[in-house]
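# Just to be clear, the model below is a prediction. Sequence and coordinates:
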2 protein chains.
Amino acid sequence: MATPKKQLHLTAFMRPVSLHTGAWRYPGAVPNANFSLPHLKSFIQKLEAAKFDAFFMADHLAVLNMPIEALQRSHTVTSFEPFTLLSALSAVTEKIGLAATASTTYDEPYHVARRFASLDHLSSGRAAWNIVTTGNPESAKNFGLDEHVEHSERYKRAREFYEVVTGLWDSFADDAFDSRSQESGIYFDPSKLHVLNHKGESLKVRGPLNIARPVQGWPVIVQAGQSEPGKQLAAETAEVVFCSPRDIQGAKELYEDIKGRAEKYGRNRDSLRILPAALVIVGDTVQDAKEKRLKLDSLVHYDSAIASLSIALGSDASGFDPDGPLPDDIADTNASKTGRAGVIKLARDEGLTVKQLAQRYGGYAGLAFVGTPQSIADEMEEWLSQGAADGFTVTFPFVPQGIDDVTQRLVPELQRRGLFRTEYEGSTLREHLGLSRPNNRFFT
Amino acid sequence: MATPKKQLHLTAFMRPVSLHTGAWRYPGAVPNANFSLPHLKSFIQKLEAAKFDAFFMADHLAVLNMPIEALQRSHTVTSFEPFTLLSALSAVTEKIGLAATASTTYDEPYHVARRFASLDHLSSGRAAWNIVTTGNPESAKNFGLDEHVEHSERYKRAREFYEVVTGLWDSFADDAFDSRSQESGIYFDPSKLHVLNHKGESLKVRGPLNIARPVQGWPVIVQAGQSEPGKQLAAETAEVVFCSPRDIQGAKELYEDIKGRAEKYGRNRDSLRILPAALVIVGDTVQDAKEKRLKLDSLVHYDSAIASLSIALGSDASGFDPDGPLPDDIADTNASKTGRAGVIKLARDEGLTVKQLAQRYGGYAGLAFVGTPQSIADEMEEWLSQGAADGFTVTFPFVPQGIDDVTQRLVPELQRRGLFRTEYEGSTLREHLGLSRPNNRFFT
């Protein structure tokens, strides 16, 4: 019997609905998509019809810090809160996973454990927790602090927070309620309730959680860290890693790094899925897709775009001729030479003017697949087969068209090649991702 | 033109789905109703069809502290978390209000403001916040504390918390997004964004909130306090007061007390609705309803019931003959004489044995309307006309039958008398309750 072909996992990154700054201005795009339940409902239903693994809501605990000139143009200023939105969407979907971001720095483990357990029960086993330590320093000011919590301190707390949350999820044995009987009046077996009594360096939480063990045992654990402690936390805890490599070579290194760390920690390589984030722009021809991207980038306001280019170059770009090529004589600074070399290479490779280059950095400069359904499927297949990814965290250039392009054009091509499911294999997110259900650490 | 008749407001208290300890054991009752989305969905849809003002989810931040003997029989040990549940239910309802409890002691104002704003947007203006300071001392232990936060300290923080949350809801002017234009690239008018910069005694929160002003301006404010600081907080902030008087006389006093305090504070009497909590048991005859109640009480386990009776009497009742009447010679203690007199009066009035009396206190000993649709409508009409209530917070003896009894038998009788709406007048919860939409304090 032939080994079944390895398949891609696909999740949709949906807050805001596009990471591209100009997305809401693209012709045909819905400007309030990020903030309209009917639109979000139609998006998730399209993604479910295409058999996506999950719908992923990132989060910010503040209005992002940017100059007024950029802020007034940003579709990030208003958005639903993840738990309320995903819970509402759980009622209008049946299979697709629901991944929410929750902060270990500015929330309490009892609240986080409860909300995810509740979402997992509401959705019959489709919840996932994206563990973030909240890097945005503006958030601290909304939670009583003047200064952001220091990086290593945040990761130390995150690791302990994870232990507490998973411990609380294990408060009840899976079969604690099996003895319930209207006749006898017994509602559950109290010998199957565990009091956590956690007392650690950063947290003290007694428990038990006041909710039955989640359908999935534990909701799926997602992590995005790329710093040293971030990668280590992912290797020890994550079941889905959402990362941002620049190219296939960087992705392979990151993939090996994280899976290697996980093995060193005693985990099986297959107990975590690595899904790089990628903007996907589908065209009739590769040229058509590239033109869509240029048009999308052109919607980014130049004043905020040029600031992003200056940051990427490590040198003030505001004096350059916007319509000319990137000058050869950029003043040398202490900024990262690799970063600058990447900008120069991009300008040369795509023949971009200073303005176009600035708008790329001001819009979305991360990994992108830009081409036809066939060329993108070729690339994704290569990433999968070369061990650079187990799938992708897809972000859309604009909506709803970008979602339709992926679900109606790219996904069928992936399915034709046997690279993506044509039907959900199971009903929980763990089953979609091929992850095992964790045992309860307190009961066997 | 005749003045329109004053009507009742009705909300349903739904966590657990019945406050009565024996509810889940009643013949025909669904034992896992408190914890099953399909059941909760059918309940709220019945309540919406009957034009209830709101569906009210109380909350606890811990498994309630009781001896194992009682705990193993309690249907409170597992339940959905309110925001996740109400958000899911918002997607399957259109008009009914959605009231969630959130703690001012164990949560952060930025989180609370965001979740309610999000729920209000998701539901097109149906959210309400039940402000609680969390009286259950077990909760402290789930949030890093050994001791419960002291009562007056909790109320001081609650008052400030309310100011911060409502201030955050006012971050954006109602028309901040009117200038959005795909053509110009302007997403909102930054002169219509206010940074709160709150620095108070208990809280420091910068803002702004990262979500547009709620549909209702502010979600409706609900409060249940009956202590001195609780009543004062309600008088200053609440738009719905959910209280627990024992009888119509006590209710009238409480009604006048709270409305009087509100007027003294400069508010209009009509800017808050007082809705006492009441268990409603409907029968074919008054006798039939009373028998249902006795049967329901009989499902309470005697060991835990007798402890409740001892507390109510202020004297150990465990030595009494369960099947005999309450003895005349109860040892005198320092306990409240009014409380004890109430127990003795109840025993005499209803001719209850010690066991039946204990099961009443162990089940649900608060205000109850027990009778036919006509007799209950008479009572409710009297409460309304005498200024004892603006309506009721209804709790059901068992489900689904108790909900059907109220929605299919009592509500039609109230409607026939012109005491309850036959159609929703508006679409937001504020409109159902006849409450005005608050102005934005920072923008006119």
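On my side now, so go ahead. Here the structure is a predicted model, which means the values were calculated and not measured.

# C-alpha from now on. contacts and neighbour counts both.
Noted.

# The helix or strand hosting A:Glu382: how far from the chain's middle?
Assigned by DSSP states H and E, A:Glu382 belongs to helix A:373-385. On the basis of CA atoms, centre = their mean, to the nearest Å, helix A:373-385 sits 20 Å off its chain's mean C-alpha point.

# CA-only coordinates of it, as PDB, when you get a sec.
Extracted C-alpha coordinates of helix A:373-385, given in PDB (Å, rounded to 0.1, in the frame of the first residue of the first chain):
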ATOM      1  CA  PRO A 373      -2.800  28.900  -8.900                       C
ATOM      2  CA  GLN A 374      -0.300  26.600 -10.600                       C
ATOM      3  CA  SER A 375       2.800  28.600  -9.800                       C
ATOM      4  CA  ILE A 376       1.800  29.100  -6.200                       C
ATOM      5  CA  ALA A 377       0.900  25.400  -5.800                       C
ATOM      6  CA  ASP A 378       4.400  24.600  -7.200                       C
ATOM      7  CA  GLU A 379       6.000  26.800  -4.600                       C
ATOM      8  CA  MET A 380       3.900  25.500  -1.700                       C
ATOM      9  CA  GLU A 381       4.600  21.900  -2.800                       C
ATOM     10  CA  GLU A 382       8.300  22.700  -2.900                       C
ATOM     11  CA  TRP A 383       8.200  24.200   0.700                       C
ATOM     12  CA  LEU A 384       6.300  21.100   1.900                       C
ATOM     13  CA  SER A 385       8.600  18.600   0.200                       C
END
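
# List the buried residues in that helix.
Of the residues in helix A:373-385, A:Pro373, A:Gln374, A:Ser375, A:Ile376, A:Ala377, A:Glu379, A:Met380, A:Glu381, A:Trp383, A:Leu384 count as buried by neighbour count, 16 or more other CA atoms under 10 Å in any protein chain shown.

# swap in stretch A:278-291?
Using 16+ other CA under 10 Å as the test for burial, stretch A:278-291 gives A:Ala278, A:Leu279, A:Val280, A:Ile281, A:Val282, A:Gly283, A:Val286, A:Asp288, A:Ala289, A:Lys290.

# residues in contact with that stretch?
With contacts defined as CA atoms under 8 Å, 6 or more residues apart in numbering or on different chains, stretch A:278-291 is touched by A:244, A:292-293, A:366-373, A:375-376, A:392-397, A:402, A:405-406, A:409-410.

# Repeat that for stretch A:97-113.
Residues contacting stretch A:97-113 (CA under 8 Å, 6+ apart): A:53-59, A:82-83, A:86, A:90, A:126-134, A:140, A:143, A:149, A:154, A:157-158, A:161, A:164-166, A:168-169, A:205, A:207, A:209, A:428-429, B:142-143.

# for chain A, which helix is longest?
The longest helix of chain A (DSSP state H) is helix A:151-169.

# Report the mean per-residue pLDDT for that helix.
In this model, helix A:151-169 has an average pLDDT of 95.

# Indicate whether it makes contact with chain B.
No - counting by CA under 8 Å from any CA of the partner chain, chain B has no neighbours in helix A:151-169; the shortest distance is 10.3 Å.

# List the buried residues for that helix?
Within helix A:151-169, the residues that count as buried by 16+ other CA under 10 Å are A:154-155, A:157-162, A:164-169.

# near chain B, which residues of the stretch 1-150 of chain A show up?
Counting by CA under 8 Å from any CA, the residues of the stretch 1-150 of chain A close to chain B are A:24-26, A:31, A:37, A:61-63, A:68, A:71-75, A:77-81, A:83-85, A:87-92, A:108, A:110, A:114-115, A:118-119, A:122, A:141-145.

# Show only the entries of those found in strands.
Among these, none falls in strands (DSSP state E).

# quick one: buried residues of stretch A:185-199?
A:185-190, A:192-198.

# now swap in stretch A:176-185 and tell me
A:Ala176, A:Phe177, A:Arg180, A:Gln182, A:Gly185.

# Distance check, the first one against chain B.
Put plainly, it is A:Ala176. For A:Ala176, the distance to chain B (CA to the nearest CA, to the nearest Å) stands at 10 Å.

# Can you tell me the element that residue falls in?
Using DSSP H and E, no helix or strand contains A:Ala176.

# in the stretch 201-350 of chain A, which spans are helices?
Ranges of helices in the stretch 201-350 of chain A, per DSSP state H, counting those that start in this stretch, are A:228-237, A:248-264, A:286-297, A:302-313, A:337-350.

# quick one on the thing from earlier: same for chain B: which of the buried residues of stretch A:185-199 are within range?
Among the buried residues of stretch A:185-199, proximity to chain B is found for A:Gly185, A:Ile186, A:Tyr187, A:Phe188, A:Asp189, A:Pro190 (CA under 8 Å from any CA).

# Identify the farthest-apart pair in those residues.
A:Gly185 and A:Pro190 (13.2 Å; CA to CA).

# Following the chain past the helix holding A:Glu382, name the next helix or strand.
The element immediately downstream of helix A:373-385 (helix or strand, assigned by DSSP H and E) is strand A:391-395.

# Give me the average confidence score over the helix or strand just after that following strand.
The element immediately downstream of strand A:391-395 (helix or strand, assigned by DSSP H and E) is helix A:401-405. Here helix A:401-405 scores 98 as its mean pLDDT.

# Give the other helices and strands that helix A:401-405 contacts.
In terms of contacts (3 or more CA pairs under 8 Å, 6 or more residues apart in numbering or on different chains; DSSP states H and E), helix A:401-405 is packed against helix A:37-49, strand A:277-282.

# Show me chain A divided up by domain.
Split into domains by automatic domain parsing, chain A comes to A:9-282+A:372-433, A:291-362.

# ranking the ones you listed by mean pLDDT, which is last?
domain A:291-362 (a mean of 90).

# out of everything not next to it in sequence, what's closest to A:Ala317?
In space, and not counting its chain neighbours, A:Ala317 is closest to A:Ser310: 5.1 Å by CA to CA, 6 or more residues apart in numbering or on different chains.

# what's near enough to touch A:Arg261?
Contacts of A:Arg261 (CA under 8 Å, 6+ apart): A:Gln232, A:Ala235, A:Glu236.

# List the contacts of the nearest residue to the last one once chain neighbours are set aside.
Translated: A:Glu236. Spatial nearest neighbour of A:Glu236, excluding adjacent residues (CA to CA, 6+ apart): A:Ala262 at 5.9 Å. Shown in contact with A:Ala262 (CA under 8 Å, 6+ apart): A:Ala235, A:Glu236, A:Asn268, A:Arg269.

# Among these, which one lies nearest to chain B?
Closest approach to chain B among the contacts of A:Ala262 (CA to the nearest CA): A:Glu236, at 25.0 Å.

# just checking, the closest one touches A:Tyr265?
Yes - using CA atoms under 8 Å, A:Glu236 is in contact with A:Tyr265, at 6.4 Å.

# More neighbours: the two, which one.
A:Glu236 (20 against 13; other CA atoms under 10 Å in any protein chain shown).

# Would you mind writing the ChimeraX command to select the buried ones in the contacts of A:Ala262?
To isolate the buried members of the contacts of A:Ala262 in ChimeraX, using 16+ other CA under 10 Å:
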select /A:235,236,269
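
# just curious, which of the contacts of A:Ala262 is nearest to B:Lys46?
The shortest approach to B:Lys46 among the contacts of A:Ala262 belongs to A:Glu236, at 47.2 Å (CA to CA).
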